[in-house]
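1. Fold the following for me, if possible:
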Amino acid sequence: MRRLIVILPLVLFVALGLFLWNGIGKDTKTLPSPLIGKPVPEFSLSALLDEQKTITAADLKGRPALLNVWATWCPTCKQEHAQLNRMARDEGVTIYGVNYKDDRAKAKIWLDKYMNPYALNIYDPDGHLGLNLGVYGAPETFLLDAQGIIRYKHVGAIDQRVWGELRQKMKQLEVN
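-> Numbers count the residues shown, from 1 in each chain. Predicted coordinates for the structure are as follows:
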């Protein structure tokens, strides 16, 4: 019994150490998506700026593009917005927006105030499309190929460094 009292804490300490050691060096920002290699889930939602216009997954096909999930209540979305505008304006990047669990009027004001980098902007007030995409929160950005297949998912803001990585991935899609 006395041996068990001495050995048990040692065994627990070694087990905890191995568990923590296993996590060293792993990328904690990458959240794998089961949708990589699959088409954008089917949906039929209204355009943010035109309630009468319906947008579907078919509208996201034709060229490689980014699908950016954003909201006015998201401070990180505001942080990345200027970068998205530069990408669309200066480099001609096609960016589709998903306005996620937001208020339409507030989102329209936001785009008037901060500019609109989106070729299309899908209004997802209940978050159903976001749920089907496996969105954890905003912002999240998906890289789509010309057939609307999800090729990559980035969680968090897009800044210059992230855009450099995404740009290379987009160029590879344009070549293939």
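
2. Tell me how many other residues surround Pro125.
-> By other CB atoms under 10 Å, the residues close to Pro125 number 15. Yep, even glycine has a C-beta here, placed from its N, CA and C like the rest.

3. what does the one 5 residues further on give?
-> Residues contacting Gly130 under the criterion other CB under 10 Å number 21.

4. Then the one 4 residues further on?
-> Here the number of neighbours of Gly134 (other CB under 10 Å) works out to 16.

5. Could you list which residues are in contact with the closest residue to it other than its chain neighbours?
-> Excluding its sequence neighbours, the residue lying closest to Gly134 (CB to CB, 6 or more residues apart in numbering) is Ser33, at 5.5 Å. Neighbouring residues of Ser33 by CB atoms under 8 Å, 6 or more residues apart in numbering: 134, 142, 150, 153.

6. cool, Leu48 as well?
-> By CB under 8 Å, 6+ apart, Leu48 lies in contact with 97, 99, 104, 107-108, 111, 121-123.

7. ok, it to Val69 distance?
-> In this view, Leu48 and Val69 are 13 Å apart by CB to CB, to the nearest Å.

8. which residues are common contacts for the two?
-> Counting by CB under 8 Å, 6+ apart, the contacts common to Leu48 and Val69 are Gly97.

9. low pLDDT regions in the protein?
-> Applying pLDDT under 70 to the chain flags the ranges 1, 3-4, 6, 8-13, 15-32, 176.

10. those strands in it, which residues are they?
-> Taking DSSP state E, the strands of the chain run over residues 44-46, 54-56, 65-70, 95-100, 120-124, 140-144, 150-155.
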